[in-house]
Each structure stands twice: as structure tokens, then as C-alpha cells.
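Participant: sequence and computational prediction follow.
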Amino acid sequence: MAQQESAKTRRAFDAAAADFTALGRYLWRPIGADTVEVADPRPGQRVLDACCGTGASAIPAARRVGRDGVVDAVDVSASMVSELRRLAGELPQLRACQEDVTAWQGAGYDVVQSALGIFFFPDMAAGTRRLIGMARPGGRVVFTIWRGDAMAAAGRHLGLAVAEATATDPPAEREPHLFDRINQAGTFAEWLTELGLSDVDVTVRDRWLTMTPEVAWLVVLGSGYRGALTELTPETVGRVREIYLSRLRDAGIVELDATTLIGAGIAPAAA
């Protein structure tokens, strides 16, 4: 089941690459900039950017480390990596690689960072531990996740719109996930400490996304929510869009909570 979900996620992000870049103006780039601000990579350092997408955090990290540094940006989606290579053509220090980052063989990084990536791992705890292990002893490790129900309203109304457009049952409640236990500042800090990080600090970045029709639909097309559309015909997708926007309007949703938690800590010394 985990492998099936991983493959579904990969297909969704492959399909979303161009729209992911378009949504980046409103969402991914500010969140990536927040992540890099907390990670604070320095000139000449080596950085691993895990689940890099189209580079919202990898590109600003590469600018910070300069040409004497290195940013290995890794993502499972070939389309995302291809788009990142296009966007980062003038940053030779950024090396974009298509691979499952939990199988990545790099180690000894000064900074390991992941913006909105770790909750996509089939085993979130094991995958996150693997990333922590790629940092050098005393290296900085930074993970950004959503706070609480951030972004959930879009997914809920999309699921109901797909059900109505396809005359199928509404989506079942999502199975309980580790994310549900750690999506507040205190519990996130506790969890990162349990995984071995020291001096853990969690920064809350409040953000609200103005849901114009253009942006509201980009939230679907340029994110993991795109997976809900991959098996639908273009005509059905058009109907989903109409119903989804109508549902948001009827519910009075003019802003979407996009608040993030940025957890930072120090990697443990070698055993």
C-alpha cells in the first residue's frame, strides 16, 4: 500500500510541475525563502535540499552558498527536477537529481533542509531519520511542515467536487497519520528531539493565501492535490473546477490558511 501511495504521489507531482512553478509565486517561493532563512546556509557550505520540487528552497540556498558551495537538490519527480534545472541554469553549484531522497547516498552535509516534503514519505519517521543521518555531526537540520489544518479546506472541497462531477461517493476520511500528532509547534519540537536533534526550535510562519479563482485553482493544479485529477477526462476536470470554485464561494472561503512550522535543530555527534 505504501508503494502504491508513493507512486500515486510521484505521478501527481510529475503532472503538476509547470503549475507548481506558477503557484510558487504565491506560495512555494515564500515558504522556501522562510525555510532557507531559518536554515541559514553559509558561503562555501554543502547543502542537501530534500524533496526539492522546482527549487523554492534549493535556489535561494544555492545563492547563499555561492559558487564555492554545493546544493544537492533531490526529488523523486522527473518533471519537477527538469523544471528546476531550467530555472537554475545560472547556478552551477545547484545539482538537481531525480531520486528517492531516502535512498540518496550523500552524507556529511553542513545543512539538510526539506520544505513541505517529509510528510510524503511512506514512513515519515524513518525517512526523516534518514535525512538527519545525512548531516555532519553538529550540522543544521531544518524541516518545514504545515501547521494543523493548513491547506485542508482546499483538499476537502476538491474531494467533494470530484465526487459530484463523477457521481461517486465522497472521499472517505483519511487514515490517521503521524502528521496529525505533530502538526503543532510543541509536538513538532518534541518529535524532532525524539529523532535525535538537539537545540530544537520551531518557528511559526503565519500565512494566508488570497483565493481568487486563479489562485484557488492553482492550489489544485500546482500541488499534490493534482493527483485527484489524474484519471479524469479534460471535460470532467473542467466540471470539477466549476464545482470546486462554486463550493469555495458558497462556503465564504476567500483566504486559505497556509501557515507553516519550521523546525530546526542540530544533528547528533557520530556514534
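Facilitator: Alright, I've got the coordinates.
Participant: buried residues in stretch 95-102?
Facilitator: Across stretch 95-102, burial judged by 16 or more other Cβ atoms under 10 Å covers 95-96, 101-102. (Glycine included, C-beta is placed from N, CA and C.)
Participant: Gly53 - that's part of a helix, no?
Facilitator: No: assessed by DSSP: H, G, I helix; E, B strand; the rest coil, Gly53 does not belong to a helix; its assignment is coil.
Participant: number of nearby residues for it?
Facilitator: Residues contacting Gly53 under the criterion other Cβ atoms under 10 Å number 28.
Participant: wait, it sits on Ser79?
Facilitator: No: contact criterion Cβ atoms under 8 Å: Gly53 and Ser79 do not qualify, at 10.2 Å.
Participant: now do the SS call for Trp191.
Facilitator: Quick answer, by three-state DSSP: Trp191 is helix.
Participant: list the buried ones in the helix or strand harbouring Gly238?
Facilitator: Gly238 belongs to helix 234-250 when assigned by DSSP states H and E. Of all the residues in helix 234-250, those buried under the rule 16+ other Cβ under 10 Å are 237, 239-241, 243-245, 247-248.
Participant: and the residue most central in space within the chain, what does it touch?
Facilitator: Geometric centre of the chain, nearest residue: Leu116, 2.6 Å, by Cα atoms, centre = their mean. Contacts for Leu116 (Cβ atoms under 8 Å, 6 or more residues apart in numbering) come out as 28, 31, 51, 144-146, 260.
Participant: how about CSV for the residues you listed, with neighbour count and secondary structure added?
Facilitator: Output for the contacts of Leu116, formatted as CSV (neighbours: other Cβ atoms under 10 Å; DSSP: H, G, I helix; E, B strand; the rest coil):
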residue, neighbour count, secondary structure
Trp28, 22, helix
Ile31, 21, helix
Cys51, 27, coil
Thr144, 26, strand
Ile145, 21, strand
Trp146, 18, strand
Thr260, 22, strand
